[in-house]
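Trainee: Fold the following.
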Amino acid sequence: MPRPTKRITFTDVAQRAGVGTASVDRVIHDRGNVSEGVRRRVLEAARELGLNRMLPDAHRRQIRIEVILARPGLPLIARLGYEFRRIAPFLDRSISIHRTILEDEQPETLANALSKSTSDAVVSYLPDHPLVHQAVDRLSKRCVPVVTVVSDVPGSTRLAYAGTDHVQAGRSAAYFITTMTREPGPTVILCNHLNFQSHADRIRGFSEYPEQRAAGWSITGVIEGLDDRDRSELALRKVFKECPDIAAVYNVGAANIGGARHQS
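Mentor: Residues are numbered from 1 along each chain as shown. Below you'll find the model as predicted:
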């Protein structure tokens, strides 16, 4: 009688490849999150041992995309993080998404995070600042594409911008304000910071519309509230005290609660 053939296990493959069984499981089931070298060793060991199952392509390279997001407590950033987590399971198994969360959105902080990236591509919401441009350019020289979302860094070597046309969004806001308000008057604009292209462009679009189509409207001031509700509320109260006849507030940023509280 022939001797029964020993059943090859993931432990056998791991021992032969010199890796852990968890790495073997990720490679055999094509789940990613392992280096190309580990992937190659595991598949070679599995074939040498005669592992009785369909093996994935040995030359399928993993692509790591790093999503860099700052200030996760802001509603927009929290939603972005959620959407990237939600889409990850539907991507090809050769693509993995890694999220880097930063506590502040200072240009130095984001430029440092970009410079430290070891991924194959980066997606981020970035301020339009020379330090950020330099960091994006360094990644481009390493053939690491950068895609901006929500706010762009025009003039940099980023690959593409995926987001809203903020000039048109600002014009749309001006259209609704000037058509829904009974009498024209001064307007105050609340934004995060003018270093963000998205906010600067919305303000530009908002400013252009009344000059062209709605006489009698003017902008009395632009408040950089840094998306901080308390700072935004105090600044709005000060402006309303100095100019009580303000007809409208255009909030470009995220401090909606602070913008609403100043009225109480």
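
Trainee: ranges for the helices of this protein?
Mentor: 10-17, 21-28, 36-49, 75-87, 107-116, 130-141, 166-180, 197-213, 229-242, 256-261 (DSSP state H).

Trainee: Please name whichever of these is nearest to R99.
Mentor: Proximity to R99 (CB to CB) singles out helix 75-87 among the helices of the chain, at 6.4 Å. (C-beta placed from N, C-alpha, C; glycine too.)

Trainee: Looking only at the closest one, what residues are buried by neighbour count?
Mentor: Residues of helix 75-87 classed as buried by neighbour count (16 or more other CB atoms under 10 Å): 77, 80, 84.

Trainee: Hmm, I101 and A113 touching each other?
Mentor: No. Using CB atoms under 8 Å, A113 is not in contact with I101; the gap is 9.7 Å.

Trainee: Among the two, which residue is more densely surrounded?
Mentor: Between A113 and I101, counting by other CB atoms under 10 Å, A113 is the more crowded of the two (20 against 13).

Trainee: Against D120, how distant is that one?
Mentor: For A113, the distance to D120 (CB to CB, to the nearest Å) stands at 16 Å.

Trainee: just D128 next, same as before
Mentor: From D128 over to D120 the distance is 24 Å, taken as CB to CB.

Trainee: Pick out whichever of those two has more residues nearby.
Mentor: The neighbour count for D128 versus D120, taken as other CB under 10 Å, is higher for D128 (23 against 16).

Trainee: What's the local residue count around R204?
Mentor: Around R204 there are 13 residues (other CB under 10 Å).

Trainee: how near is it to I189?
Mentor: Between R204 and I189 the computed distance is 11 Å (CB to CB).
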